[in-house]
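Visitor: The following comprises the amino acid sequence and a computationally predicted model.
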Amino acid sequence: MDLRVVDGGKEKIALCNSEEVVIFDGQSALDFFATIEYQHNCIWIAINKSAVCEGFFDLTTGIAGEVAQKFVNYGIRFAIYGDFSGYTSKALNDYIYECNKNGPLYFVADEDDAMAKLRE
């Protein structure tokens, strides 16, 4: 995994790029966030879409809700960047829309958009 820490203004932002899936469920998300916070003192995190399991994007699995609840519980702002246009589920597209409006989870196109959204 490639990880860079950049100045986000109020907080540092950890930019993570991994071709390997690192988030499978709520526990793996929590482990990932805890490692980033402990090693880099970051609670704002952006990660590429391929590092998140496909089950996350199927809302019937409950993974997205479980992970989002971890964000809320631990005060983490998190952006997933990549191409989401291939998902045709109305429920998922509505979820993405609401998350992007209210946070703390955001779905954006690229790292630059992720940094901009996290800084808002």
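Guide: Cool, got the structure.
Visitor: ok, and what's touching the longest helix seen in the chain?
Guide: Counting by DSSP state H, the longest helix found in the chain is helix 26-40. Identification of contacts with helix 26-40 by CB atoms under 8 Å, 6 or more residues apart in numbering yields 3, 5, 12, 14, 16, 22-23, 42-43, 45, 63, 66-67, 69-71, 74, 76, 78. Any C-beta I mention is one placed from the backbone N, CA and C, and that applies to glycine too.
Visitor: And for stretch 6-18?
Guide: With CB under 8 Å, 6+ apart, stretch 6-18 has contacts from 1-5, 22, 36, 40-48, 50-51, 77, 111, 114-115, 118-119.
Visitor: could you dump it to CSV, C-alpha only?
Guide: Output of stretch 6-18 as CSV, limited to C-alpha atoms (Å, rounded to 0.1, in the frame of the first residue of the first chain):
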residue,chain,number,x,y,z
VAL,A,6,-0.6,15.7,3.4
ASP,A,7,-1.6,18.9,5.2
GLY,A,8,-5.3,19.2,5.2
GLY,A,9,-5.6,22.6,6.9
LYS,A,10,-7.3,21.7,10.2
GLU,A,11,-6.1,18.1,10.1
LYS,A,12,-3.6,16.0,8.3
ILE,A,13,-5.0,13.8,5.5
ALA,A,14,-3.7,10.2,4.9
LEU,A,15,-3.9,9.4,1.2
CYS,A,16,-3.9,5.6,0.8
ASN,A,17,-3.6,3.8,-2.5
SER,A,18,-3.8,0.0,-2.5
